Structure formats: structure tokens, C-alpha cells
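Undergrad: Quick check, what structure comes out for this input:
(chains A and B)
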Amino acid sequence: MRVVAAMSGGVDSAVAAARAVDAGHDVTGIHLALSRNPASYRSGARGCCTIEDANDARRAADVIGIPFYVWDLSERFHADVVVDFMDTYAAGQTPNPCLRCNEKIKFAAVLDKALGLGFDAVATGHYAQLRTDPDGLIEMHRAVDAGKDQSYVLGVLDQEQLRHSLFPLGDTPKEQVRREAAERGLLVADKPDSHDICFVADGDNAGWLREKLGDAAPNHGGDIVDASTGEVLGQHQGTYAYTIGQRKGLRIGRPAADGKPRFVLDIEPVSGTVTVGPRALLTVDRITADRPRWCGAVPEALTGTVQLRAHGEEHRAQVQVVGDIVEIALLDPAQGIAPGQAAVIYDGTRVVGSATITGTDRSVALTGTAPDSAADSAQGAR
Amino acid sequence: MTYLDHAATTPMIPAAVEALTAHLGVTGNASSLHAAGRRARRVVEESRESIAAALNCRPSEVVFTSGGTEADNLAVKGCFWARRDADPRRVRVLACAIEHHAVLDPVQWLADHEGAEVEWLPVDGRGRLDLAALAASIDRDPDSVALITVMWANNEVGTCQPISDVVALAAAHQIPVHTDAVQAVGAAPVDFAASGVDALTLTGHKLGGPIGIGALVARRELGITPQLHGGGQERDVRSGTLDVPAIAAFAVAVETAVKERPEYADRVAALRDDLVTRVQQVVPDAALNGVPLGEPGRLPGNAHLSFPGCEGDSLLMLLDAQGIECSTGSACSAGVPQPSHVLLALGTDEVAARSSLRFSLGHTSTAADVDALVAAIGGCVERARAATSRSS
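TA: Down below sits the predicted model:
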């Protein structure tokens, strides 16, 4: 096959490109330029999006012996990922831009361009496994390295996208990939993994959003309210700085009456109210999600597991699909589930699909255990 | 391999390789007083004299540098500082909008850090300087102009500038003129004394010499504030131990390029005309940017074409895969393609600017190179258009 290897400048995508060559493919390395003004992104090599990273990717391509180009995806990235990131925060929710980038950029804009140019597939350094089922459908499964598994951020890929994807690292533990990089003479072998959001230059999400959102409503201050008493406990500078389940940085002067820590339970972007309360009120067992993306056939109902945040744990769940709405009943309740994040649905190790969480709730069984029913209104599904 | 990127760098001529290698094994610092030093100094001075003869300047006007970028920086900053020191009113820099980044960026740096007031002089749709705009800019306050800098010929679209007209406008007010002639020497008739410019940049690797050596030709009367301080080489304007082998090879290349220029220009322009005509036969809506064929004022080796519906970087990649090497002609910091400031200044819209490729011919180009491009371009354009329509 003719394969485009997306090379971030990091160790994983470099080894993935090398393995694609070893597999006999005709490989061309590309680095995605995601900012029109690279200086505005991270300085220092951090895994993606810097001049140093582009140079690291170019050097890795040299070592592997493949041609290398930079593709400018900055406009699409801004429109589909950065704006979505801002809009989601502005709506009081918590986005996952990596997921959106995979859905809209790496396996859409890049893939489309590659197919147009005569390539057959895009290879990346994601940790996930692809298998072909007896009917010829492509299945995506979790990586063998559970600690590195990235099937969650790939849960947005549909069958057509999977059909043109290669994940050469899914069967290999990360440490082995690092060793392999060193053996192959790839100088990025010791480069640290990227973790933060690539387009937030200094890792300060709140500061970045404060600047970008300007006069938008979520940038206005508001009250921090106690879920149990309705008492105003303090003020905040903007709802975007909060996410459901957050404990640190609440800046509430007084401790709770019971002396236990308080957590963000709800964010109301229009009024700017951030509701806080005890950990018990974070517990939910009902999730509603929309914008479903299915890796294969659309399931009507299934009992499987869901993952509700990157590197989060699995929860056993019953999933019902009605049109574009996905109702998830958790058999293992979860805490601190933030609307805007993706619920990725698994059947064993196989990714069934994903949807964007719009609201959470507690069933009667859970409500009965909650110390104060007044919190329900604050935790209601949106 | 079909190399159509001579404007980026052109192969060294065999005589220059010979001169370079002949001197690499010889010890000698041209500043030393002993026999080895004198031997090295002699090579440097003979090289200086031969370059001076080729460009019609005095040997003492040739200041060796590490290349075009350094020479441009030296001219722009050195001249600005010297002129402003002599008269604090002189803070204006008048620069052509389509200068190479080696001029563009130091000029902008002066504006950002040294209080320079920069006026970017517009060009017409062919890339030719708007002389009326220059005249108006000067006349607004002639005494406040520190420097005028206008390139001899543009590196992207190949348009030659009316340098003698620029000099005439500047001379009325004793304003110094610098010209970046990196693309012009060996391709267009460049005569330093006759042109009347005060400073002129050239570099080795665009005319068959080595990379890493160039020169600023500057009138002795022109004050230039040095930027590299040290041993006082190059009449104290540019310190640093002289690279004797590179200078010897540079001189051979300049001498040869200037001597062979008339035949070279005729031969390469004919190849270029053939290239443009035949590419347009295969891709009828491909448009030549800059000066039309058959009219004067275009570098002989330059063919700069827009391919509607294509992204230049896609086209470059597809041609590269077929062994054909060209350029998008755009600035590539971090390899991120920005739309060319040159094409935007010519009035090209951003989409068309991104659809452009520069094919540049040189002394090793042959009809077979043109044939290879003509054979490949149709399929590549078709593919690139498919990629654009799929991903938009």
C-alpha cells in the first residue's frame, strides 16, 4: 500500500512509520502544521506542534529513509478543533480536543487529502489494534499495553476511516517501542510523551481561555454555590476554569460544615453559577450522550463497558441507542463525569463507538443513598 | 533526477570545485605575516580583483561575507545605523515589498527594535517597483531617508527592477541605495559602477560557487557600521578569518558566470520559454506569474506558474515522487507553507498564491529536463486537484 505516516516528532509516530516501511508499504512521512504561527504554540519540544517537533519528525524520516513533507492543516484545525474547544468550554462543558482532532483532522482532512493524492492509508503512532472480522469489517480493539491504550481517543472513527488506518504499535508495550526506537537509531527515543493540549502554549488552559473568550459570557465572574444549603461560598472569574469533579483551585475561604472536601458538581454557563458539594453527590449512574460515532454497525442495545475519560476506568453498562441519542445505564456508578467528554462504548476489548456526554443523573437507587436530595436539581441532566 | 530549483542553489561548476579543493589542503591565514599567510592573502586579493573586474567595481569595494543573508544584513543595518548616527533625522527605510527575507526581516527588525520607520514600496502585477510611489515617498521628506533597498531581480517570480531609475531618484538627495543582486549576477547584466548603487549583495552558490561565501560590494564612501567585531578583516567592516578556499572558488564562479552570461541567458531563456509553453499546452489554465514571455525584465531561468485548483505543496510532493525537483517559492519557517508575500504583493489572492510552483533553470539544465516535467505535470495536476476537492 501507499501509506502516509503522520509524524508528530515523537517516538511513537516515528516507530510506527518505520514499522509501516518494514511491513512493505511505500511510506511518505508528513508532519501536520496546525498553527499558522508556530511561535504561538509551545516552545520547546513537547510532542507536537513546535518547530523543534517538525525538525525531529524530519530527522526521523531521514533515518527511516522516507520522503517527508509538512502539510498545512492550520485552518481546518482552527475551525474544527480550536473553535470547538472554546465553544464547549463556553457552554460550561469539558471538551476533549484530541478526540476531535482524530475525528476531523488526522482521519478526515489528512486522510481525504492522502486518498486524493493516491495514497491508500494513514498510519499513526496511536496505541490501538485493528482486526478484520470474518465478514471483512475492520474492528478496533484496545492496545495490549493497557497503560498506553488510546482506543478511547480513536472511538470517533467510523468503518470507512478505520478501513484506511494503520496503527502499527497496538500490539507492543510502550517500553518496547522506546527500545525499538533506540535500536533503529531514532534520536527521539528518549523524548518525553506529550500530555497537555498542543495549542495552549504554556499549559495554562484557564489563561488561554480567558484571553480567547474575551467578553463571552463564561468569562464573566459568578457565584460558587453550596449544593446542600444554596449558600454563596465565593466568587470565581469564569466558568471555563472549572470542570465537573474538580476539587483543587475552588478558592473557597471556609471549610465545609462536615470538614470534608468539596467538589464541582455543576456548571451553569449562562448565570455563571458553579455548584460545589461533597464527593457523594458526584456519583452518577445515568448518562445521556449525543453525536454518536459508530466503528461498525449501529447497535440498538448492548451490555458492555463504557470509558468516560481518557485513561479512565471501565464501567459495566447497559447501552440503548435511539436515533442520535445514546442512553447509558451504569452498573458500576461513576464520579465526576463532565458533559462534553466522550463516552466510548466497548464490547470486551472491541470499540463499538462513542458519543458526546450531554448530561448525567442518578437513579432512584443512588438518590436514596445521597445525603441530601437538594443536590439533585444541581446535578440534573442537561 | 530532474533538477528545476536552480534559484534555490545551483550545482558548482567544475572549475570552482577544482579551485576549492586545490586550496583546502593549503595552510595559511590571510592575516598572518609569514610566507604561508602571504600566500593565502595573495589568493584572497587575486580573487577580490577578479570579482571586481567581473562586476566593474574597485577591489577595495568587495567585502567578503558568509553569503547573501549576511551581506544583506550588513548593508541594511550597517547603513541604517551609520546614516542615523550621522544625522538623527534619518530614520526612514524605503524597501521594496517583494524583497527576499534576508532584506525583509532585517528591515522589519530595525522597525521593531531601532525605531526605524519603514515604508514598503508597492509593485505592479508583474512585480515591478512602482517608481511613482518611491518618488512620492522620498519627496515627502528626503532628509529623513536613511536607506533605499530594492532587489535587482526577484527570487520567486524573476522580475528585474528598474535599478537605474531608483538610483536616479535617490541620487538627487544623496540617499544610498542597496540592491540584493543574489539572483541577478550571472543571469542579468550587472555592472556595479554603471548602476550607481552604493551597495550590492551577491552570493556564491547561486552562480556555480560554493555555499557559505558571498560578498557585499560597497562604495568606500558609504559608511557601514560593522556587525561582526573582531580581528578587523575586510577593512574593519566584517571581521573573521577569511575562508581562502571558498573565496578562490567563489571568484572562479563569478568570473565564469559573468563571462558566459550572454550565451547562458539565451540558451536558458529558450529552454524556459519551451517549458512554459509546453506546460500550458498540457495544463491550459496554468498561468505564468511575473513578466510575460517575450518581454524584457524577467530572469532567463525563471518560470513561476499558478495551477488553479491545486495546492502547490501537493503538486511539489507528487513531482518529487517522480524525480522532479522544484519549489513552492514560499518562505518555509518550520516547513510551514505561508502564502508568498511576493505573490500577495503582486495582487494574487491567497488561494492562487498557494497554487503556485517555481521552476528555475540553470547552467546544467537541458531539454530533457523540460521533457520530463512536461511528461509528468498533467497527471500530477490531476491528482493534486483531486486531493484539493476531496479535502475541502
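Undergrad: check whether stretch A:1-21 contacts chain B.
TA: No - contact of stretch A:1-21 with chain B is not found when judged by Cβ under 8 Å from any Cβ of the partner chain; the minimum separation is 9.6 Å. In short, each C-beta sits where N, CA and C put it, glycine included.
Undergrad: Quickly list the domain ranges of chain B.
TA: B:2-8+B:261-391, B:14-255 (automatic domain parsing).
Undergrad: between those, which one is nearest to chain A?
TA: Set against chain A and scored by Cβ to the nearest Cβ, the domains of chain B come closest in domain B:2-8+B:261-391, at 3.1 Å.
Undergrad: For stretch A:250-264, give me every contacting residue.
TA: Contacts of stretch A:250-264 from elsewhere in the structure, counted by Cβ atoms under 8 Å, 6 or more residues apart in numbering or on different chains, are A:224, A:226, A:233-234, A:236, A:242-247, A:274-279, A:281-282, A:336.
Undergrad: actually stretch A:81-90, sorry about that
TA: Here stretch A:81-90 has contacts from A:94-95, A:97, A:100-101, A:104-105, A:197, A:199, A:209, A:212-213, A:216-218, A:239-240, A:269, A:340, using Cβ under 8 Å, 6+ apart.
Undergrad: Would you check which of those residues are in contact with chain B?
TA: Among these, no residue is within reach of chain B (Cβ under 8 Å from any Cβ).
Undergrad: Now intersect the contacts of stretch A:250-264 with the strands, please.
TA: A:224, A:226, A:233, A:234, A:236, A:274, A:275, A:276, A:277 (DSSP state E).
Undergrad: Next up, the contacts around the second one.
TA: Put plainly, it is residue A:226. A:232, A:233, A:256, A:262, A:275, A:276, A:277.
Undergrad: That one and chain B, how far apart?
TA: As judged by Cβ to the nearest Cβ, to the nearest Å, residue A:226 and chain B stand 49 Å apart.
Undergrad: Now find how far off-centre the helix or strand in which residue A:57 is found is within its chain.
TA: Assigned by DSSP states H and E, residue A:57 belongs to helix A:51-64. Centre-to-centre, helix A:51-64 and its host chain are 25 Å apart (Cα atoms, centre = their mean, to the nearest Å).
Undergrad: I'd like the next helix or strand past it.
TA: With elements assigned by DSSP H and E, the helix or strand that comes after helix A:51-64 is strand A:68-72.
Undergrad: Would you mind getting the angle between that following strand and helix A:51-64?
TA: Strand A:68-72 and helix A:51-64 are oriented at 150 degrees to each other (axes from the mean of the first three to the mean of the last three Cα atoms, to 10 degrees).
Undergrad: Can I get the helix or strand just after strand A:68-72 in CSV? Just the C-alpha atoms.
TA: Sequence-wise, the next helix or strand downstream of strand A:68-72 (DSSP H and E) is helix A:74-77. Taking Å, rounded to 0.1, in the frame of the first residue of the first chain, the C-alpha atoms of helix A:74-77 are listed here in CSV:
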residue,chain,number,x,y,z
SER,A,74,-3.9,25.0,10.3
GLU,A,75,-7.1,26.4,9.0
ARG,A,76,-9.0,23.2,9.4
PHE,A,77,-7.5,22.6,12.8
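Undergrad: Mind listing what's buried along helix A:74-77?
TA: Neighbour counts over helix A:74-77 (16 or more other Cβ atoms under 10 Å in any protein chain shown) mark A:74, A:76, A:77 as buried.
Undergrad: now stretch B:353-371
TA: Buried, per 16+ other Cβ under 10 Å, within stretch B:353-371: B:353-363, B:365, B:369-370.
Undergrad: And the furthest pair within those?
TA: B:354 and B:363 (30.4 Å; Cβ to Cβ).
Undergrad: Output the domains of chain B as TSV; include the columns mean pLDDT.
TA: Output for the domains of chain B, formatted as TSV (pLDDT from 0 to 100):
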stretch	mean pLDDT
domain B:2-8+B:261-391	92
domain B:14-255	97
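Undergrad: Tabulate the ones you listed (TSV), appending distance to chain A.
TA: TSV is the format used below for the domains of chain B (distance: least, Cβ to the nearest Cβ, whole Å):
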stretch	distance to chain A
domain B:2-8+B:261-391	3
domain B:14-255	14
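Undergrad: hey, what's the closest residue to chain B within the stretch 251-382 of chain A bridged with?
TA: Nearest residue of the stretch 251-382 of chain A to chain B, counting by Cβ to the nearest Cβ: residue A:293, 19.6 Å away. With DSSP bridges as the criterion, residue A:293 is bridged to residue A:354.
Undergrad: any chance you could map the helices in the chain?
TA: With no chain named, the answer covers chain A. Assigned by DSSP state H, the helices in chain A fall at A:11-22, A:51-64, A:74-77, A:83-90, A:97-101, A:110-116, A:151-154, A:159-163, A:174-183, A:205-213, A:364-369, A:375-379.
Undergrad: wait, I meant chain B there
TA: So, for chain B - with DSSP H - the helices run B:14-24, B:35-55, B:68-86, B:101-113, B:131-140, B:163-171, B:192-195, B:244-282, B:312-321, B:341-345, B:350-354, B:367-391.
Undergrad: got CSV for the ones you listed, with distance to residue A:52 too?
TA: Formatted as CSV, these follow (distance: least, Cβ to Cβ, whole Å):
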stretch, distance to residue A:52
helix B:14-24, 33
helix B:35-55, 39
helix B:68-86, 22
helix B:101-113, 20
helix B:131-140, 40
helix B:163-171, 40
helix B:192-195, 42
helix B:244-282, 30
helix B:312-321, 21
helix B:341-345, 25
helix B:350-354, 25
helix B:367-391, 27
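Undergrad: Nearest approach to residue A:9 belongs to which of the ones you listed?
TA: Per Cβ to Cβ, nearest to residue A:9 of the helices of chain B: helix B:312-321, 18.5 Å.
Undergrad: List the contacts of that closest one.
TA: Residues outside helix B:312-321 that contact it (Cβ under 8 Å, 6+ apart): A:28, A:67, A:69-72, A:113, A:117-118, B:307, B:325-330, B:337, B:354-357, B:373, B:376-377, B:379-381, B:383-384, B:387-388.
Undergrad: let's see it at 7 Å
TA: A:67, A:69, A:71, A:117, B:307, B:326, B:328, B:337, B:354-357, B:376, B:380-381, B:383-384, B:387 (Cβ atoms under 7 Å, 6 or more residues apart in numbering or on different chains).
Undergrad: Perfect, that will be all.
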